[in-house]
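K.L.:
pasting a predicted model and its sequence here:
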Amino acid sequence: MSDPTNGAGVPSPEPTAPGLQETVPVATPPPVVAAAPATGAPMGGRVGKVRNPWAVWIFSLITLGIYYLYWYFKTNTEVKAYNPSIEVEPGIATFAQIIPIANIISFWNFGGRINRVEEKAGTSERTSPIVGLLLQIFILGTGVIYYQMQLNKIWALHGNQPEGTAV
């Protein structure tokens with residue numbers, strides 16, 4: 001009688017007929033498919049920052065408009081990143097905020113850009129540039145509150161949540 005082990009305590013492989021090979025099925029992993037981003041979302045993550053609209057307004061007042069210029073630049077950058085078909089140079093749009101008359105036109109146009117982002121996101125609500133402009137001119141710059149609230153709704157559609165006291 002023969003020993004079924006190879007002497008080291010390991011069972012010997014079963015002999016096979018000449019010309020026959022034992023095939024072992026190899027499991028192949030499923031193909032990796034990148035998840036498609038939500039409508040309008042740029043690849044690679046976050047689409048815009050959810051900010052506290054009242055904090056934006058208060059910081060703008062406290063800093064005598066310096067934070068407002070920062071906010072205006074950042075939000076225009078986010079809008080352009082979300083919808084590349086929007087033609088805006090955030091630096092030029094921000095610079096326009098310190099030039100009389102140009103600041104009014106630029107703020108009006110920003111409301112229109114937010115409107116186009118809402119359209120691309122597929123929301124039924126639309127931002128009114130006239131409401132934003134009237135709030136900005138006649139009620140102590142509160143147009144930033146209105147515009148930031150509208151942007152927050154879009155960013156929330158993509159799962160963005162406020163970061164603590166996000167401003």
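P.N.:
Received it, and whenever you're ready, just let me know what you need.

K.L.:
and the residue nearest the centre of the chain?
P.N.:
The residue lying closest to the centre of the chain (C-alpha atoms, centre = their mean) is Val47, at 0.9 Å.

K.L.:
in three-state terms, label that residue for me.
P.N.:
Classification of Val47 by DSSP: H, G, I helix; E, B strand; the rest coil places it in coil.

K.L.:
please apply the same query to the one 3 residues further on.
P.N.:
Counting by three-state DSSP, the backbone at Val50 sits in coil.

K.L.:
next one: phi and psi at it?
P.N.:
The phi/psi pair for Val50 (degrees, to the nearest 10) reads phi -80, psi 120.

K.L.:
and it, how far is that from Gln97?
P.N.:
22 Å (C-beta to C-beta, to the nearest Å). The C-beta positions use only the backbone N, C-alpha and C, and glycine is treated the same way.

K.L.:
so the residue nearest to the centre of the chain sits against His158, correct?
P.N.:
Yes - counting by C-beta atoms under 8 Å, His158 is a contact partner of Val47 at 4.8 Å.

K.L.:
Pro84 belongs to a strand, doesn't it?
P.N.:
No - assigned with three-state DSSP, Pro84 falls outside any strand and is coil.

K.L.:
strands along this structure, start to end?
P.N.:
Along the chain, no stretch is classed among the strands by DSSP state E.

K.L.:
contacts for the biggest helix by length in it next, please.
P.N.:
The helix that spans the most residues within the chain, counting by DSSP state H, is helix 102-121. For helix 102-121, contacts defined as C-beta atoms under 8 Å, 6 or more residues apart in numbering pick out 39-40, 72, 75-76, 79, 82-83, 85-86, 88, 93, 96-97, 125-133, 136-137, 143, 147, 150-151, 153-154, 157.

K.L.:
tell me the buried residues within the residues you listed.
P.N.:
40, 72, 75-76, 79, 82-83, 86, 88, 93, 96-97, 127, 129, 132-133, 136, 143, 147, 150-151, 153-154, 157 (16 or more other C-beta atoms under 10 Å).
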